[in-house]
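# Pasting a predicted model and its sequence here:
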Amino acid sequence: MLTRSQFLILSGILVGCTAGIAGVVLKSLVHYIHYVITYKVHFEDQILFYLIFPFLGIVITTIVVKLFFHGLDKKGIPVILHEIAQNSSNVSSVKMYSQIVQSAITVGLGGSAGLESPIAVTGAAIGSNFAKTYKLDYRERTLLLAAGATAGIASAFNAPIAGMMFAFEILLTGVVFSDFIPLVVAAVCGSLISRILLKEEVLFQFHTRGAFDYHNLPFYLILGVLCGFYARYFLVIARYIEDFFHTLKMSKIQKAMTGGAVLSFLCVLYPPLFGEGYDTIKSFTNGEIKEVIQNSFFSFIGYRDWVIIVFVAVVCLLKAFASSITIQSGGNGGNFAPSLFAGGSLGYVFALLCTQAGIPDIPVTNLILVGMAGVMSGVLYAPLTAIFLIAESSSGYDLFIPLMMVSVISYLMAKWFSPISPDLEKMASQGKIFTREHDRNLLSLLHTLDLLDKDVQVINDKATFDELRHVLENGKRNLIAVLSDDLTLVGIITLDDLRPVLFSKNFDNTLTVATLMKEPKAVIVEDDSVVVVARKFDETGLWHLPVVKNSGRFAGFISKSSVLNSYRQLLQAHSV
C-alpha cells in the first residue's frame, strides 16, 4: 500500500513521462511537416512557398477547430491559470490532444509562433485528468497539473530546471505548496524523454559560445535596458493586434484568411519570420548570416554590414507583429519562441552595432544568448525561467551573471510599465486568475450567487402599510426588499427605519411602502467578484447588501458574515 507521498511521486513519474512524450510528438510532428513541405513538396518559386503555407496553416487550424473542437479555440497559459483559480484545476480532457493538433498545423506550416505554450497546456491537461481519474483533491490536482506543464516545458527545451521555474513563476502564482518533489520528478522524466527520443537538430541547444569576461559587463547592462524596452514594445503590439482582430466584424474563417494573408506577405519579405525561428538563431550563433538572408530581397543588395544590421533589426521589430497575427487570427501557438527569437535577434543587432563602432572582441554569441533571456523575461514576466532556460540550453552556467543582470533589468522595466503582465491584466482585475495576493486569491474562489441568504423578505412597492405590517409579523428578518411588478429592486426597508414611524404619537396609517423605502447604499450584481463584494461592504459599512441579476431582477441579500465564514473555511482548506 503506497503512502500519499509515494503515490504523488509515482504520479509525477507517470504524468512527466506522458507529458514528455506529448512534447516529443508535437516537436517531431512539426519537424516532419517542415521537412515534407521543404524537401518533398517542390516549389521552384520560393515566393510562392512562403505565400501558400503560412496562409494555409492559420486557415486550416481555424477549420479544424470549428469542425472537430466545436469552435472552442481558447489557448495559451491564461486558460490554464483560469482553470486553476476558477475551475478547481479541472482541465478539459480534449486539451490533452487538441493543442497538439492545432499548433502542429499552425507552426508546422509556417505560423510565426512557438510550441511551448501548447506543450505546457497539453501537459497541464494530462496532469489534471490523471488526478481526476484517481479522484484527488484540489491541492493534489493542482500539483499534478503543474507537474504536467513542467514536464512539457522540460521536454521542449531539454531543460528540467527551467520547467520547474516556469511552474513556480507562472502557473503556481498565489498557490502555496510544501510538496514539490513530484514537480522535480516530472521535470526530469520530461527532459529524459526528450533527450532520448528527439534528434539533435530538433532540440533547443546551442553549443558555440564564448567564456564570460567581466570586462564586458557594460555591454550586458545596455542590452538589459534594450531588452526591457523591446519587451514592452512586444507586449503593446500584441495587445494592439488582439484588440484589432477582436473588433473586426468578420467570421472566424475570414479573420483567419486576413491574418494568414498578412503573415504570408511578411514571410515573403522576411523569411526568418517563417515558423519558430530557432534555426535562424542558430545561424546567428554559427556566423551563417548569408543563409538567413539568401531567400529574401535583401540578397540582391548584397551582404554588406549595414544590410545585415538593417535586415535583422527589421525582422526583430516585425516578429512582434507576425507572432501576434498568427495567434490572434486563428492559429495556435505561444510567445515563448517569438520572445526568444526576438531577444536573440536584438542581441545580434546590438553586437553588430558594437563591432561597427570599432569596439574589439565583442562576445557576439553571448549577447545573442543573453538577449534571448532578457526579452523572454520581460515578455513572460518570468526571469528565473529565462535564466535557467538559456543556461541549460547552452551549457552556459558561467553566463549566470550576465543572464541574471539582463533578465532582471528587463523584468523590472516590464514591471515598471505594468505590474501585471498585459496578457493577464484583464483576468487578474476581474479576479479570474490568482495573483501573489493570497487573501485575494481565496476570495476569488467564492462565487457571489453561492453566498445568497436563503430566507429573504420582499414586498411590492405599491403595497400598503397594513401589508407591510403583515410581512413584519410573519418574518424573522429586519431587512425587506422592495420590488416593482417586474421583480426589479427599487429600494429597501429596515426595522431601524420603521421604529420612528411605528412609535410616533402622530402615526399615519395611510403611509405606503413607496414612502417608507430608501435607496440602498450599494447594490451587488451577480457578476461581481467576491473581492468587489468585500470592497462594497467596507465602503458602506453595512452588514447586508442586496444582489441583483444581470437582468435587473432581485436575487437576494448577502451578509458579511456569510462571506467571512466561507473565507474562513477556504483558509482552513488551503492551509493544510
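Perfect, thanks for sending it.
# Contacts made by the helix or strand Lys66 falls within with the rest, please.
Lys66 belongs to helix 46-68 when assigned by DSSP states H and E. The contact list for helix 46-68, computed with C-beta atoms under 8 Å, 6 or more residues apart in numbering, reads 37, 43, 71-73, 101-102, 105-112, 252-253, 255-257, 259-261, 263-265, 267-268, 271, 274, 295, 326, 329-332. Yep, even glycine has a C-beta here, placed from its N, CA and C like the rest.
# Tell me how many other residues surround Asp496.
Residues near Asp496, counting by other C-beta atoms under 10 Å, number 9.
# How much space separates it from Asp455?
Asp496 sits 19 Å away from Asp455, going by C-beta to C-beta, to the nearest Å.
# Relative to Ser562, how far out is the closest residue to Ala154 other than its chain neighbours?
Nearest non-adjacent residue to Ala154, counting by C-beta to C-beta, 6 or more residues apart in numbering: Gly163, 3.4 Å away. Distance from Gly163 to Ser562, counting by C-beta to C-beta: 41 Å.
# who has more neighbours, these two?
Gly163 (36 against 16).
# just checking, Gly108 touches Leu29?
Yes: because the distance of 6.6 Å satisfies C-beta atoms under 8 Å, Gly108 is recorded as touching Leu29.
# ok, the two, which is more surrounded?
Higher neighbour count among Gly108 and Leu29: Gly108, with 23 against 18, using other C-beta under 10 Å.
# Run through the residues that contact the more buried one.
By C-beta under 8 Å, 6+ apart, the contact list for Gly108 reads Leu29, Val30, Tyr32, Ile33, His34, Ile37, Gly57.
# most surrounded residue in these?
Within those, neighbour counts (other C-beta under 10 Å) peak at Gly57, which reaches 33 neighbours.
# Who's the closest spatial neighbour of it, skipping the chain neighbours?
Residue nearest to Gly57 in three dimensions, not counting chain neighbours: Leu109, with 3.1 Å by C-beta to C-beta, 6+ apart.
# show me the contacts for the one you found.
Leu109 sits next to Ile33, Ile37, Phe53, Pro54, Leu56, Gly57, Ile60 when contact means C-beta under 8 Å, 6+ apart.
# Which single one of those is nearest to Ile241?
Of all the contacts of Leu109, Pro54 has the smallest distance to Ile241: 15.5 Å, by C-beta to C-beta.
# Now that closest one: closest residue in space that isn't a chain neighbour?
Gly110 (3.9 Å).
# pLDDT score assigned to that neighbour?
Gly110 carries a pLDDT score of 89 in this model.
# please begin residue numbering at 501 from this point
From this message on, residue numbering opens at 501, which makes the last subject Gly610.
# Around Met927, how many other residues sit close by?
Met927 sits with 19 neighbouring residues when counted by other C-beta under 10 Å.
# Compute the mean per-residue pLDDT across the strand or helix carrying it, please.
Per DSSP H and E, Met927 falls inside helix 922-929. Average pLDDT, helix 922-929: 77.
# who touches that helix?
Contact with helix 922-929 is made by 576-578, 581-582, 735-736, 738-739, 835, 918, 920, 933, 935, as judged by C-beta under 8 Å, 6+ apart.
# Just the ones of those in strands?
Of the contacts of helix 922-929, none are assigned to strands by DSSP state E.
# In helices, which of those appear?
The helices, defined by DSSP state H, take in Ile577, Pro578, Leu581, His582, Leu735, Val736, Ala738, Arg739 from the contacts of helix 922-929.
# CSV please, covering these and showing distance to Phe965.
Formatted as CSV, the ones in helices among the contacts of helix 922-929 follow (distance: C-beta to C-beta, whole Å):
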residue, distance to Phe965
Ile577, 59
Pro578, 55
Leu581, 54
His582, 50
Leu735, 61
Val736, 61
Ala738, 61
Arg739, 57
